[in-house]
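In: Next one to model:
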Amino acid sequence: MAKFIYLYRGPATPMSDRTPEQGAERQAAFGAWMEKVGAALVDVGSPFGTSASVRDDGTEGTAGDLIGYTIVEADDLAAAKALTDGLPFLSNSDGKCAVEIFELLPM
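Out: Below is the predicted model:
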């Protein structure tokens, strides 16, 4: 089995912008997805906070729009993609959110 990282890209909605009911609903949806994925979920991950970008020439810039990560274990890339089925992050269907999937190679 290989490990894959999901990098979440899109607009972040601060928890303070959600009602308690919306927050609970979102948490329940993620809980259901995590239960569905089961043992393939290696690291539930976390959202990203403040960020910076340091470049190879020593300058700094604005970090990209990555907002969090999750790590799963799957047989191959196709299986890792299939695990995104039902992922609440992809539920808006407006094209503003994406999950970029990368295999984590051994060092």
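In: only C-alpha atoms for contact and neighbour calcs from this point on.
Out: Noted.
In: So for stretch 69-85, what gets flagged as buried?
Out: 69-74, 77, 80, 83-84 (16 or more other C-alpha atoms under 10 Å).
In: Give me the contact list for it.
Out: The contact list for stretch 69-85, computed with C-alpha atoms under 8 Å, 6 or more residues apart in numbering, reads 1-8, 37, 40-48, 101, 103.
In: can we see that at 7 Å?
Out: The contact list for stretch 69-85 (C-alpha atoms under 7 Å, 6 or more residues apart in numbering) reads 1-8, 37, 40-47.
In: Same check on stretch 20-37?
Out: Residues from elsewhere that reach stretch 20-37 (C-alpha under 7 Å, 6+ apart): 15, 83, 86-88.
In: right, and out of these, which lies closest to residue 53?
Out: Distance to residue 53 across the contacts of stretch 20-37 (C-alpha to C-alpha) is lowest for residue 15, with 24.4 Å.
In: where does the closest one land on pLDDT?
Out: In this model, residue 15 is scored at 66, pLDDT.
In: and if you look at residue 97?
Out: 89.
In: you'd agree it is up against residue 9?
Out: Yes. At 5.7 Å, residue 97 counts as touching residue 9 under the criterion of C-alpha atoms under 7 Å.
In: Now do the helices for this structure: every range, in order, please.
Out: 20-37, 77-82 (DSSP state H).
In: Can you tell me which of the ones you listed has the worst average pLDDT?
Out: helix 20-37 (a mean of 90).
In: Could I get the buried residue list for that one?
Out: For helix 20-37, by 16+ other C-alpha under 10 Å, it's 29-30, 33-34, 37.
In: Closest to residue 58 out of these?
Out: Using C-alpha to C-alpha, the buried residues of helix 20-37 come closest to residue 58 at residue 30, 38.8 Å.
In: what's around the residue nearest to residue 71 when sequence neighbours are not counted, how many residues?
Out: Counting by C-alpha to C-alpha, 6 or more residues apart in numbering, the nearest residue to residue 71 once its immediate chain neighbours are dropped is residue 5, at 4.4 Å. Residue 5: 20 surrounding residues under other C-alpha atoms under 10 Å.
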